[in-house]
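> Quick one, fold the following:
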Amino acid sequence: MSAETKKNNEWQERELGALWKKESTTQKYLSGHVKVDDGMGGEETLQLIIFANKHKQKDNHPDFRIYKSTPLQKKSTSEQQVPASEQQVPASEQQVPASETVPSEVQEVPEEHVL
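Sure thing, here's the model as predicted:
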């Protein structure tokens, strides 16, 4: 096994999840998942959403707030909407999914703060 392959395998074993940069019409945020121990020898995947903390006033206040993302509520068949991926609306104009609505205590994430 090459040193590079061994290094990649070590990082893969240490990985806990992943985040993606997203943008709504009002702000930028991170969305993703982490894997956590379920207490019974297995793993549970938590969906997360991360916003900048707009109430930060001191250095010891957090820069970002992490929230558990809630699943979208399913609508009846007659009320279902066409998935965003199938709409003719540009991605820049699509709304943030209901599971990722912005809490009132968060603010726009400046580009330099998005990882």
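> Now do the SS call for residue 13.
Three-state call for residue 13 (DSSP: H, G, I helix; E, B strand; the rest coil): helix.
> Count the neighbours of it for me.
7 (other Cβ atoms under 10 Å). No exception for glycine: its C-beta is placed from N, CA and C like everyone else's.
> which secondary structure element contains residue 5?
helix 3-14 (DSSP states H and E).
> Can you report phi and psi for residue 61?
Main-chain dihedrals, residue 61, degrees, to the nearest 10: phi -80, psi 150.
> That one against residue 54, yeah?
No. Taking contacts as Cβ atoms under 8 Å, residue 61 lies outside contact range of residue 54: 10.5 Å.
> Looking at the two, which is more packed in?
Higher neighbour count among residue 61 and residue 54: residue 54, with 14 against 9, using other Cβ under 10 Å.
> What about the more buried one? Give its phi and psi, please.
phi -80, psi -10.
> Check the one 3 residues further on too.
Note on residue 57: backbone dihedrals following degrees, to the nearest 10 are phi -120, psi -20.
> and residue 9, how many neighbours?
Other residues close to residue 9 by other Cβ under 10 Å number 11.
> Does the helix holding residue 5 pack against any helices or strands, and if so which?
In terms of contacts (3 or more Cβ pairs under 8 Å, 6 or more residues apart in numbering; DSSP states H and E), helix 3-14 is not packed against any helix or strand.
> who does the next helix or strand after it pair up with?
Note on helix 3-14: by DSSP H and E, the next helix or strand toward the C-terminus is strand 17-23. In the sheet, strand 17-23 lines up against strand 28-37 (antiparallel) (DSSP bridges).
> For the partner strand, C-alpha coordinates in CSV please.
C-alpha atoms of strand 28-37 as CSV (Å, rounded to 0.1, in the frame of the first residue of the first chain):
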residue,chain,number,x,y,z
LYS,A,28,-25.3,32.4,2.8
TYR,A,29,-25.2,29.4,5.2
LEU,A,30,-23.8,25.9,5.5
SER,A,31,-25.9,22.7,5.2
GLY,A,32,-24.8,19.1,5.7
HIS,A,33,-24.6,16.2,8.0
VAL,A,34,-22.5,14.6,10.7
LYS,A,35,-22.4,11.0,11.9
VAL,A,36,-22.8,10.4,15.6
ASP,A,37,-22.7,7.3,17.8
